[in-house]
Each structure stands twice: as structure tokens, then as C-alpha cells.
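Participant: Provide a 3D model corresponding to the input given below.
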Amino acid sequence: MNAVTQQEEKSARPQPVEEERQFVSPRVNVIESKDGYVLEADMPGVAKNGLEVSLEGNVLTITGRRTPVPVACLLYRESPTADFRRTFELDPSIDGGKISARIEQGVLTLTLPKAEKVKPHRITVS
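Facilitator: Got it, this is the predicted structure:
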């Protein structure tokens, strides 16, 4: 059998289809200070390696994938089994290059600093 025929046979076989994932919106708190904003998102069951935070233009997207729990070990569950995803349109005053993120105890905390030019400042009168 030549290489072309083998390739044709491979493409004729049905390819495994990735299971469509379901997402839920995590609950969030947004706190404003003079220096910026803090966004806290509840993402139970999401570890650091299952978290993706991206900024495209002024759209911030957070995605959290849970590590599956073997059914044999699960005793009781009240939280949905779906993964998390939420998008936010950010104010142009936020300095996207200085956004930081950390996750601890299932809570994602994003620090969204304001750009220096929009921070309030005191003007000295002479």
C-alpha cells in the first residue's frame, strides 16, 4: 500500500469528536479604589493549571476548567459540573499591561490598575 492510499484511509475514518463543554458564569464582586479595580470570581474546583485569563482589545475573558472528580469518590454535589467562563468589557482607563491574577481557595482575584493618566492627583496652588 502506498503512502497516498494510507493517508486516504486515515481521513476516511471517523475522527473522535471532542465533547462539547458547558459553561456557567461565575459570580463576581467588583471593587473600585482610587488606583483601580479588584474583580473576585468564585470558581470552586478550578486549579491554577485549569485557569485561563485573556485580554483582547478591551475584552477580558476568564475561563476555568474543573478537574473531574471520579464518580466513585463523589458523595454529594451542589455546585454545577460545568466549567466557568465570563467576559467583561473593560473601561479604557484600565492599564491592560499591568493586570495581575491569582487563584486561592477557589476564588480568582484580578487586580485591574487604572492608567496613571486617569488616576486622581492633587494640584498644588502657588
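
Participant: low-confidence ranges, the chain, go.
Facilitator: 1-20, 80, 118-121 (pLDDT under 70).

Participant: try it again at 90.
Facilitator: For the chain, the stretches flagged by pLDDT under 90 are 1-23, 33-34, 44-45, 66-82, 92-93, 115-126.

Participant: which residue ranges of it form helices?
Facilitator: 3-12 (DSSP state H).

Participant: the strands in it, which residues?
Facilitator: Per DSSP state E, the chain carries strands over the ranges 23-24, 28-32, 36-42, 46-56, 59-66, 83-89, 100-104, 107-113.

Participant: which residues does Thr87 contact?
Facilitator: By C-beta atoms under 8 Å, 6 or more residues apart in numbering, the contact set of Thr87 is Val59, Leu60, Thr61, Ile62. Every C-beta, even on glycine, is put in place using the N, C-alpha and C of the backbone.

Participant: beta-bridge partners for it, please?
Facilitator: Taking DSSP bridges as the rule, Thr87 bridges to Thr61.

Participant: before we move on, back to that, got the contacts of Thr87 as a markdown table, with distance to Val28 and neighbour count columns?
Facilitator: Below are these laid out as a markdown table (distance: C-beta to C-beta, whole Å; neighbours: other C-beta atoms under 10 Å):
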| residue | distance to Val28 | neighbour count |
| --- | --- | --- |
| Val59 | 15 | 11 |
| Leu60 | 11 | 20 |
| Thr61 | 13 | 13 |
| Ile62 | 9 | 23 |
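
Participant: need the strands of the chain in JSON lines with distance to Arg122, can you?
Facilitator: Converted to JSON lines, these look like this (distance: least, C-beta to C-beta, whole Å):
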{"stretch": "strand 23-24", "distance to Arg122": "44"}
{"stretch": "strand 28-32", "distance to Arg122": "19"}
{"stretch": "strand 36-42", "distance to Arg122": "18"}
{"stretch": "strand 46-56", "distance to Arg122": "31"}
{"stretch": "strand 59-66", "distance to Arg122": "31"}
{"stretch": "strand 83-89", "distance to Arg122": "31"}
{"stretch": "strand 100-104", "distance to Arg122": "27"}
{"stretch": "strand 107-113", "distance to Arg122": "19"}
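
Participant: just the contacts of Thr87 now: which is nearest Val24?
Facilitator: Set against Val24, the nearest of the contacts of Thr87 by C-beta to C-beta is Ile62 (12.2 Å).
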